[in-house]
Structures are given as structure tokens and as C-alpha cells.
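Visitor: Sequence and predicted model, in that order:
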Amino acid sequence: MKNICVYRALPLSGLILLLFIYNSTFGQTVPEPKKHKNPRSWYFSWGYNGEWYTRSTVHVKMNGEGDNYDLVHVQAHDHKGWDDGLFQKQLTIPQYNYRLGCYFNEKQDLAIELNFDHTKYIITDGEKIHLKGSHSNVKSDTTIIFSEGNGFYYYLNNGANFFLINIVKRHGLYRTKDNNLRIDFTGKVGVGPVIPHVENSFFGHKNDPHFQFGGWNTGIETAFRFTIMKYAYIEMSQKVDYARYSNLKIYDGTAKQNFGTYELILSGGIFLPSKKHNPMFAKTNSIK
């Protein structure tokens, strides 16, 4: 009886073995997903911005004039520049900005970014400003009318110029199945130099030293990015920046000040993958 069971089991086990060999050789197998080693995607954007500034104090020191005083709690505004003959001149007259960055990890949600904002800072013409300190080696505590007609102006008019090196974090909010439409939220934080162009006049002493290294700034930015057809995008963002300006060149001396900025920015840009297989651009996007 035992022998009969063994003989019946042998054909059955042989059949299972044949099926296994056939399936391994000719059967369909589910391919393993491709691993994307070090995928990178580059992006570049160009846009325009508007700013609002905190009140701040400008410290002025003119060695040969015996001046060492503060312009206390001054108010400033931006100058968007659209009324300066934009199309007769160039697109860099208004307050513009650009971003150049690279997503470097497998999930494509971390990036390093070069972040530049051409912003204009102008102390309001006709403002009554409290001057406190010493002028011509004489102590002074008075109010002056700050205007070009009175020999007083102070412009970072050709650029307060915030430059940052940012760390960027992307969070996917929505995407279509074919990945042709994506909505992302991004957060950015960074630090970098300010490169202002300081046009100024104090008590009639004019100076225009052009661009210079003028200190440091740090900023936090949040943005909503709408990507169309995988490669083109529109980005709406807001930014808070704090800048510390020092050793700004004026007539026979220097000026310094610190102020905060709130920005609204609208930009358009493009994405470019560095490799053929990048999960950010695949039809069946495996990342969010």
C-alpha cells in the first residue's frame, strides 16, 4: 500500500516541477521598479516683485565734515519701475528676480537654490526725519525735510539687491495621472550677501559709488508652484527678508542700517532633468 502511494506521488511532484521550470523560463514576471540613482533636475525662473519695508534708522558718519548722526525711524518704499519706459529700455529696469536651483535627491523634494531679488529702497521724498547726533562737530537734535531739493536723498534705487543661497523643500499637493499638471508647495530658507547700489546726498554732499558688497541678509520664502506639461511652471511666492547693511559708501564716510522686507513675487520658469529616467518627469510618477 505504501508503494502505491509513493508511485502516485511521483508523477504529481514531477508535474509541479515541470510547471515551475516552464513558468521560470517562459512565464511572465513582474519587473522590479527601476531605481533612480542620483536623479537631478535643474530649474530656472524669472519674475517681478513688490516690496514693503519696516522703518529703520540710518547711521551716517562723514569724517571730514565732523558728522556722526542718526536719521531716526525713516520710512522707505519700493519703485517697481513699470512707468520708466520698460519696452523702450530693458526688462531689468523694474524690480525683477531670478531663481536657479537643482533638486538632488531620489524623491526630488530637496534642492539647493541661488536666489536673487533686485529690489529698490527709497526714503520717502518730503518726509520729516528726526536727526540726532552731531553735525559739523556740533550736537544736533532736530527735524529735517528729507528731499532732493534740500540736498538730502538716500536711494538703494538701482538695487538693494538681496542674494541668498537657499535650501528648498518641496511638498506635492496635487498631480494628474499623466503628470502633466502638478501643484507643489515649497519652503525656502537661506543666507547671503547684499550688493547695493547706493545713491545718496547728505547736506548737499552727493555720492554715487555704484555697486558694492554691503553686508548680509537672511530670508524665508514660501511658494505655490503650478507645473504644466512637466517642464514649464508659474510660481507665486511671498518672502520675508532681514538685511544688515554696513560700510555703505557716502561722501567722505560711510552709512549703515538694518531693515526688514516683505515681498510678493510672481515668476515663470522651466524644469530640465539631468538624466533620462527621472521620477519627477515619468508618466507614472512614483513620487509625490
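Guide: Nice, thanks for sending it over.
Visitor: just the strands in the stretch 101-250 of the chain please.
Guide: In the stretch 101-250 of the chain, the strands defined using DSSP state E, counting those that start in this stretch lie at 110-117, 121-123, 127-135, 138-146, 153-156, 162-175, 181-193, 199-202, 205-207, 215-228, 232-250.
Visitor: so can I have TSV of the ones you listed showing mean neighbour count, distance to H59 and mean pLDDT?
Guide: C-betas here are computed from N, CA, C, even on glycine. Output for the strands of the stretch 101-250 of the chain, formatted as TSV (neighbours: other CB atoms under 10 Å; distance: least, CB to CB, whole Å; pLDDT from 0 to 100):
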stretch	mean neighbour count	distance to H59	mean pLDDT
strand 110-117	19	24	97
strand 121-123	21	14	92
strand 127-135	16	8	93
strand 138-146	12	14	92
strand 153-156	22	12	87
strand 162-175	17	21	95
strand 181-193	17	20	96
strand 199-202	21	12	90
strand 205-207	15	16	88
strand 215-228	18	13	97
strand 232-250	18	9	96
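Visitor: What separation is there between G172 and L266?
Guide: Distance from G172 to L266, counting by CB to CB, to the nearest Å: 21 Å.
Visitor: measure N166 to N180 for me?
Guide: N166 sits 27 Å away from N180, going by CB to CB.
Visitor: swap that for S56, sorry
Guide: Distance, S56 to N180, by CB to CB: 46 Å.
Visitor: R99 too?
Guide: Separation of R99 from N180 (CB to CB): 22 Å.
Visitor: Those two: which is more packed in?
Guide: R99 (26 against 13; other CB atoms under 10 Å).
Visitor: Identify the bridge partners of the residue nearest in space to the middle of the chain.
Guide: For the chain, N115 is the residue whose C-alpha lies nearest the centre (CA atoms, centre = their mean; 3.9 Å). Counting by DSSP bridges, N115 is bridged to R99, L164.
Visitor: need the contact list for it.
Guide: N97, R99, F162, F163, L164, I165, N166, K188, G190, G192, G219, E221 (CB atoms under 8 Å, 6 or more residues apart in numbering).
Visitor: Let me know whether the fourth one touches G190 as I believe.
Guide: No. Taking contacts as CB atoms under 8 Å, F163 lies outside contact range of G190: 9.2 Å.
Visitor: returning to what we had before: which members of the contacts of N115 are the farthest-apart pair?
Guide: N97 and I165 (14.9 Å; CB to CB).
Visitor: buried ones in the top strand by length along the chain?
Guide: In the chain, with assignment by DSSP state E, the single longest strand is strand 253-273. Neighbour-count burial for strand 253-273 flags 253, 255-259, 261, 263, 265, 267, 269, 271, 273 (criterion: 16 or more other CB atoms under 10 Å).
Visitor: Which other helices and strands does that strand contact?
Guide: Using 3 or more CB pairs under 8 Å, 6 or more residues apart in numbering; DSSP states H and E, the elements in contact with strand 253-273 are strand 41-53, strand 56-62, strand 96-103, strand 215-228, strand 232-250.
Visitor: Format the ones you listed as CSV; extra columns: distance to H205.
Guide: Output for the helices and strands packed on strand 253-273, formatted as CSV (distance: least, CB to CB, whole Å):
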stretch, distance to H205
strand 41-53, 25
strand 56-62, 7
strand 96-103, 31
strand 215-228, 22
strand 232-250, 8
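Visitor: Quick one, which of the ones you listed gets closest to I122.
Guide: strand 41-53 (9.5 Å).
Visitor: Which strands or helices does that closest one pack on?
Guide: With contacts taken as 3+ CB pairs under 8 Å, 6+ apart, strand 41-53 sits against strand 76-77, strand 96-103, strand 232-250, strand 253-273.
Visitor: Need these in CSV (columns: distance to S45).
Guide: Formatted as CSV, the helices and strands packed on strand 41-53 follow (distance: least, CB to CB, whole Å):
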stretch, distance to S45
strand 76-77, 25
strand 96-103, 5
strand 232-250, 6
strand 253-273, 3
